[in-house]
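# Sequence first, predicted coordinates after that:
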There are 2 protein chains.
Amino acid sequence: MSNNKELEEFDRKVQNLLWLVSDQTIKRMNAPLVVDTKSSSDDLVTNVDQQNERLMRSQLMNIDPSARIVGEEESFRHQLDQNLSGNIWIIDPIDGTLNFVKQRDHFAIMLALYCDGQPTLGYIMDVMNKHLYHAWRGHGAYVDNKRLAKPVDAHLDESLIAINGWQLMKNNFQQQEIARRAAGLRMYGSAGIEIVHVLKGQLGGYTSRLKPWDIAAGRVIAEELGLIVKTIDDQPINVLSSNTVLVATKKVCQDIWQITK
Amino acid sequence: MSNNKELEEFDRKVQNLLWLVSDQTIKRMNAPLVVDTKSSSDDLVTNVDQQNERLMRSQLMNIDPSARIVGEEESFRHQLDQNLSGNIWIIDPIDGTLNFVKQRDHFAIMLALYCDGQPTLGYIMDVMNKHLYHAWRGHGAYVDNKRLAKPVDAHLDESLIAINGWQLMKNNFQQQEIARRAAGLRMYGSAGIEIVHVLKGQLGGYTSRLKPWDIAAGRVIAEELGLIVKTIDDQPINVLSSNTVLVATKKVCQDIWQITK
């Protein structure tokens, strides 16, 4: 388990790494992308996802040699080993790849450190707006190293919320009823970008079915700001599995759980 | 009917006006907003909507004294006179007021000139990103006076599309089936911001139930770029009424009309 001095050193190095990867991503967007599909036609991977993950993995192996590294592009085909002991770095080299390919905007690069299963460091890079959101558990949440204010704890009917489109139409957890009770519905197509809107109080909540790399970083920052990160039906998140995640203010969670339970 | 020299003069003056109104909007966001509701709890108006519209009306009365002016905040309570003769300026002083209030982002200021019912000048100001999109029918479409490229004419299954949340859930025109056939669904909560994404090729289409001021400006710019602006079931738009509008590439329109007709 890392001590504070080590975590401070990790934080400094990892912030530099994320700015480097972000700059390279913008440069590579000027060349044609190589786009491939994974599980389905809307589950894309590009050369940039793969290049970003390789660079992040290789630098993390220097920064924290004994850690385990889980990254979307190398890990998505396998069942993940559920052992949470020690340091685990979780990489999303491009979150919102469909936006990256079709919009060249509204995507993120994310990185998190979990120590013995405990959310510890979290980073969301909003690449096109050039903002780095990050938190160190117990040491505050920041955008570009300026402290983020805790979002106002508003109810669902006063809040805009984001719901993943496929989840909304499947409606397994009454997402359509949740949307009807909210002040309005939004959909940005990237968990990282959607969570950033919750961190800033621009959305009262966000829910989607998410893989570990989609939520690992956002969870650290959200919890540091007093937001709740659980499943849409009020269960704890399983760090290395898929979960139907809800990131929201306390009051939005209460209002949603009354619908889903 | 205005001639080209007059329209060129209008264009210059109106661009200056929109930058002025945009700057004032940003300044006024630093003071507390006075928020009121109109037809329903999610149909908001603020002091800034009203101040913007008053300023735009008074300046337009100097710029084009014989014109008729239709603006959201003065006009929304009345049945609009459907007479299309002469010059009609159509104002949306804040498009996406719910975003303006809850997010302080993702809203637009819009203005259009229709001459004898013909879409002639159109302006969408993306306030927070400080970009002015505009077109003069037959003279090109621009962002910050740089020419916009025509978006690629892609099919629905290759395109991200935006559908208004309430319309999606009502599903009167099989919007859920449209969403399922698209590459992905997005929702930004402002017609102006959503249309800007279509203009830039970041969305293949956008559909919502829209009032005249929500679509008047976007229609001029979209048509100038070869995009289609009709109803979701392939009828012409009625300029001074509400329409369930579809703004999209030709191929996305064809694909959607196969579903809705």
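Arrived safely, thanks for sending.
# Would you mind listing what in the stretch 1-150 of chain A touches chain B?
Those residues of the stretch 1-150 of chain A that sit near chain B, judged by CB under 8 Å from any CB of the partner chain, are A:41-42, A:98-99, A:102-105. For the C-beta atoms, the positions are set from N, CA and C on the backbone; glycine is no exception.
# Can you go through the residues you listed and name the buried ones?
Neighbour-count burial (16 or more other CB atoms under 10 Å in any protein chain shown) applied to those gives A:98-99, A:102-105.
# Specify which member of the residues of the stretch 1-150 of chain A next to chain B is nearest to chain B.
Of all those, chain B sits closest to A:Q103, with 4.0 Å by CB to the nearest CB.
# Now that closest one: closest residue in space that isn't a chain neighbour?
B:Q202 (4.0 Å; CB to CB, 6 or more residues apart in numbering or on different chains).
# how about that neighbour, secondary structure?
With DSSP: H, G, I helix; E, B strand; the rest coil as the basis, B:Q202 sits in coil.
# mind listing what it touches?
A:102-105, B:160 (CB atoms under 8 Å, 6 or more residues apart in numbering or on different chains).
# just to revisit the earlier point, pLDDT, secondary structure and distance to A:D234 for the residues of the stretch 1-150 of chain A next to chain B - can I get that in TSV?
Shown next, in TSV, are these (pLDDT from 0 to 100; DSSP: H, G, I helix; E, B strand; the rest coil; distance: CB to CB, whole Å):
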residue	pLDDT	secondary structure	distance to A:D234
A:S41	74	coil	34
A:D42	74	coil	29
A:L98	95	helix	30
A:N99	97	helix	30
A:K102	96	helix	35
A:Q103	96	coil	34
A:R104	96	coil	38
A:D105	97	coil	34
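# what pLDDT does the closest residue to A:R28 other than its chain neighbours get?
Using CB to CB, 6+ apart and skipping the chain neighbours, the partner closest in space to A:R28 is A:V48 (5.0 Å). According to the prediction, A:V48 has pLDDT 94.
# Work out for me the element A:V48 sits within.
Secondary structure from DSSP states H and E places A:V48 in helix A:47-63.
# which other helices and strands contact the very next helix or strand once past that helix?
Following helix A:47-63 in sequence order, the next helix or strand is strand A:68-71 (DSSP H and E). Where contact means 3 or more CB pairs under 8 Å, 6 or more residues apart in numbering or on different chains; DSSP states H and E, strand A:68-71 is packed against helix A:47-63, strand A:87-95, helix A:212-224.
# 10 Å - rerun?
On a contact count with 3 or more CB pairs under 10 Å, 6 or more residues apart in numbering or on different chains; DSSP states H and E, strand A:68-71 meets helix A:47-63, strand A:87-95, strand A:108-115, helix A:212-224.
# who's in contact with A:P212?
With contact taken as CB atoms under 10 Å, 6 or more residues apart in numbering or on different chains, A:P212 is in contact with A:70-72, A:75-76, A:80, A:88, A:90-92, A:112, A:114, A:237-243.
# And A:E53, how far from chain B?
Note on A:E53: its distance to chain B, by CB to the nearest CB, to the nearest Å, is 22 Å.
# same question, A:V245
Using CB to the nearest CB, we find A:V245 at a distance of 19 Å from chain B.
# pretty sure the residue nearest to A:R28 contacts A:T97?
Yes - using CB atoms under 10 Å, A:V48 makes contact with A:T97 at a distance of 8.7 Å.
# Check the contact lists of those two and give me the overlap.
A:33, A:35, A:107.
# what residues go with each domain of chain A?
Domain assignment of chain A by automatic domain parsing yields the ranges A:4-147, A:156-260.
# so how far does the longest one reach from one end to the other?
End-to-end distance for domain A:4-147, by CA to CA, to the nearest Å: 19 Å.
# same check, this time on stretch A:92-111
End-to-end distance for stretch A:92-111: 6 Å, by CA to CA.
# Ok, which of the domains of chain A comes nearest B:Q24?
In terms of CB to CB, the element of the domains of chain A nearest to B:Q24 is domain A:156-260, at 22.1 Å.
# can you give me the strands for chain A?
Here chain A has its strands, by DSSP state E, at A:35-37, A:44-46, A:68-71, A:87-95, A:108-115, A:118-126, A:131-136, A:141-143, A:146-147, A:160-163, A:184-186, A:205-210, A:228-231, A:243-248.
# The fifth one pairs with which strands, parallel or anti?
Spelled out, that is strand A:108-115. Here strand A:108-115 is paired, per DSSP bridges, with strand A:87-95 (antiparallel), strand A:118-126 (antiparallel).
# how about JSON lines for the ones you listed, with mean neighbour count and mean pLDDT added?
Rendered in JSON lines, the data for those read as follows (neighbours: other CB atoms under 10 Å in any protein chain shown; pLDDT from 0 to 100):
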{"stretch": "strand A:87-95", "mean neighbour count": "27", "mean pLDDT": "97"}
{"stretch": "strand A:118-126", "mean neighbour count": "24", "mean pLDDT": "98"}
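# before we move on, the earlier item: out of the buried ones among the residues of the stretch 1-150 of chain A next to chain B, who's nearest B:R180?
Set against B:R180, the nearest of those by CB to CB is A:L98 (15.0 Å).
# residues touching the closest residue to the closest one other than its chain neighbours, list them.
Excluding the flanking residues, the one nearest A:L98 by CB to CB, 6+ apart is B:G184, at 5.2 Å. Taking CB under 10 Å, 6+ apart, we find B:G184 in contact with A:42, A:96, A:98-99, A:102-103, A:164-166, A:187, A:189, B:159-161, B:203.
# gap between B:G184 and A:D105?
14 Å (CB to CB, to the nearest Å).
# where does A:L33 fall, phi/psi-wise?
When read as degrees, to the nearest 10, the backbone of A:L33 gives phi -80, psi 150.
# Please name the nearest non-neighbouring residue to it.
The shortest distance from A:L33 to any non-neighbouring residue, by CB to CB, 6+ apart, is to A:T46 (4.7 Å).
# now do A:P93
A:N52 (3.5 Å).
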